[in-house]
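Asker: just a sequence and a predicted model for now, questions to come.
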Amino acid sequence: MVQPIIWMPYCGPAPGPAELWAQWNLDPLLIVFLLLAAAVGWRSSRQPRFQKPPFAIAMTLAFALFVSPFCALTSALFLARTVHHLALTVVLAPMLAFAWPARRMAGGVAIWTLLHALTFWAWHAPAAYEAALSSTAAYWLMQASLLISALAMWCAIRSASVPAAIGSLLATMVQMGLLGALLTFTGTALYAPHYLATTRWGLTPLEDQQLAGLTMWAPGAGLYLAAALHLLSRWLLREQRSALAR
């Protein structure tokens with residue numbers, strides 16, 4: 001007789017709505033790591049060019065993603081996992097990148113944009129995703145690789161020329177939108193760890209996946225477009241002021 005697979009992700013078993021708010025992740029190793037990261041930020045705050053607000057936002061978001069009950073919610077819903085990945089790569093990573101002074105990244109912005117895209121797509125392959133929800137080591141490998149590749153990309157964007165930075169953001173927007181569209185229009189639920197958990201939240205596994213795809217496709221890709229437009233507007237304004245000063 002084949003035994004059913006019991007998914008035991010790092011954030012704990014998938015909760016229902018009634019027990020969600022009791023599911024805080026108080027892993028002592030995680031708490032120590034976050035405290036050490038906060039200490040690094042506190043020491044760096046003595047540097048004249050260190051930006052405290054972005055670092056504070058990043059640390060607050062890290063607490064929300066990994067300690068608060070939202071961590072447990074990602075065990076239940078692929079939609080929550082998608083929001084988690086977007087927050088990690090589109091908010092937390094750039095906040096860390098902008099907390100410290102800009103530095104040139106070896107390899108350049110194109111390489112890091114490609115590496116981050118490959119990392120993002122690889123972890124959304126069903127087999128890799130299932131491994132990450134079956135093993136604590138695989139889970140943290142997923143989180144670390146997504147964060148580090150995104151952080152490197154955002155650092156490279158900061159030190160790149162404006163056209164190259166805009167190109168990186170638009171390329172990431174396109175690949176994010178494409179992955180979101182594939183998840184939205186695929187007629188099969190791909191992620192087995194959520195098969196039994198979504199019904200407690202009033203969703204079928206396919207509906208959960210489609211909502212996640214839409215989230216990745218619209219607001220997820222839209223954040224990169226907004227960043228590209230922000231860079232473009234600042235560049236045009238700077239060029240206009242330079243032309244007027246001549």
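Answerer: Arrived safely, thanks for sending. Residues are numbered from 1 along each chain as shown.

Asker: report pLDDT for residue 171.
Answerer: As predicted, residue 171 sits at a pLDDT of 97.

Asker: may I ask you to confirm that it is in contact with residue 112?
Answerer: No. Assessed by CB atoms under 8 Å, residue 171 is found out of contact with residue 112, at 11.2 Å. (Each C-beta comes from the backbone N, C-alpha and C, glycine too.)

Asker: more neighbours, those two?
Answerer: For residue 171 versus residue 112, the count of surrounding residues by other CB atoms under 10 Å is larger for residue 112: 23 against 17.

Asker: so that one touches residue 105, yeah?
Answerer: Yes. Contact criterion CB under 8 Å: residue 112 and residue 105 qualify, at 6.1 Å.

Asker: any common contacting residues for those two?
Answerer: 152, 155-156 (CB atoms under 8 Å, 6 or more residues apart in numbering).

Asker: name the SS class of residue 134, please.
Answerer: coil (DSSP: H, G, I helix; E, B strand; the rest coil).

Asker: ok, now how distant is it from residue 20?
Answerer: The gap separating residue 134 from residue 20 is 22 Å, by CB to CB, to the nearest Å.

Asker: can I get the shared contacts of residue 112 and residue 105 in a markdown table with pLDDT, distance to residue 49 and secondary structure?
Answerer: As requested, these are exported to a markdown table (pLDDT from 0 to 100; distance: CB to CB, whole Å; DSSP: H, G, I helix; E, B strand; the rest coil):
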| residue | pLDDT | distance to residue 49 | secondary structure |
| --- | --- | --- | --- |
| 152 | 97 | 20 | helix |
| 155 | 96 | 14 | helix |
| 156 | 96 | 18 | helix |
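
Asker: compare the residues you listed and tell me which is most surrounded.
Answerer: Neighbour max across those (other CB under 10 Å) = residue 156, 26 neighbours.

Asker: name the nearest residue to residue 38, ignoring sequence neighbours.
Answerer: Leaving aside its chain neighbours, residue 38 sits nearest to residue 59 (5.7 Å; criterion: CB to CB, 6 or more residues apart in numbering).

Asker: mind listing what's buried along stretch 55-62?
Answerer: Residues 55, 57-59, 61-62 are the ones in stretch 55-62 that count as buried (16 or more other CB atoms under 10 Å).
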